[in-house]
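Student: need a 3D model of the following:
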Amino acid sequence: MEPLNAMIKSGDYKLLLDAVKGFRNGFVYGCKVRAPHALVMTLLWSRGPPMQMATKIFNATKQHGMNLAKFAFVFKLLYGVLGKVTGGSAAWHSVVLGALCGFLFWGDNSPVNVQVNMYILSRILSGFAFLWMQQTATQLPPAVFRLYAAVMWACVMFLFYHHTGVLQTSLQSSMTYIYRESDKYSSVRDLIVYNK
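Tutor: Numbers count the residues shown, from 1 in each chain. Take a look at the predicted model:
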């Protein structure tokens, strides 16, 4: 423990230690976010033996945690190195390293990666819209958000009813439950009490 404390105090290994801490925080955050989500989604939509369901939850949690951890480690380490080499950080550093790490760690077409990339897409589109408003000092009328909501829901309902297979699996499941399984009932009991 003493040599590690000496390394931290000396500052000689700051880039590496920052990256290690990024790895740790990425893993913890990914597990904290994915474990409850995977648990709920598995309990709601999956069938099978308990051990198979537990394995599914564990694997999704591990993938999310490790992807965030590896991304954070590599990004922080290379960002620090680039800053040292070029004499300071520049906007292109985050763009190039974000693309590289996204390609390496979020590029596999798995359910976890699809969901995380969709989440990121919605956040960056909103972020760029707010950035544009800040830079142009534009105030959007309240009706614009209603228009935005109308376009999003028009798109998702079109895709669900006419091209279901292109939607992400968890979205397909929830939409099927709400909009297709609500057509199936034969008595008051399965109309109101439980889904057939």
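
Student: please identify the helix or strand for His93.
Tutor: helix 91-105 (DSSP states H and E).

Student: list the buried residues for the helix or strand just after that helix?
Tutor: For helix 91-105, the following helix or strand on the C-terminal side (DSSP H and E) is helix 111-136. Of all the residues in helix 111-136, those buried under the rule 16 or more other Cβ atoms under 10 Å are 112-116. Quick note: C-beta positions are derived from backbone N, CA and C, even for glycine.

Student: ok, now stretch 49-59?
Tutor: 53, 56-57.

Student: ok, now stretch 8-24?
Tutor: 15, 18-19, 22-23.

Student: next one: stretch 94-107
Tutor: Neighbour-count burial for stretch 94-107 [16+ other Cβ under 10 Å]: 97, 101, 105-106.

Student: next: stretch 146-157.
Tutor: Within stretch 146-157, judged by 16+ other Cβ under 10 Å, no residue is buried.

Student: who touches it?
Tutor: 167, 171, 175 (Cβ atoms under 8 Å, 6 or more residues apart in numbering).

Student: wait, what's in contact with the spatially most central residue of the chain?
Tutor: The C-alpha lying nearest the average C-alpha coordinate of the chain belongs to Val116 (Cα atoms, centre = their mean; 2.4 Å). Val116 sits next to 64, 67, 106 when contact means Cβ under 8 Å, 6+ apart.

Student: give me phi/psi at the last one?
Tutor: When read as degrees, to the nearest 10, the backbone of Trp106 gives phi -120, psi 10.

Student: now it: how far from Phe27?
Tutor: Distance of Trp106 to Phe27, given as Cβ to Cβ, to the nearest Å: 15 Å.

Student: could you do the second one as well?
Tutor: Using Cβ to Cβ, Asn67 is found at 9 Å from Phe27.

Student: neighbour count winner among the two?
Tutor: The residue with more neighbours, out of Asn67 and Phe27, is Asn67; 24 against 20, by other Cβ atoms under 10 Å.
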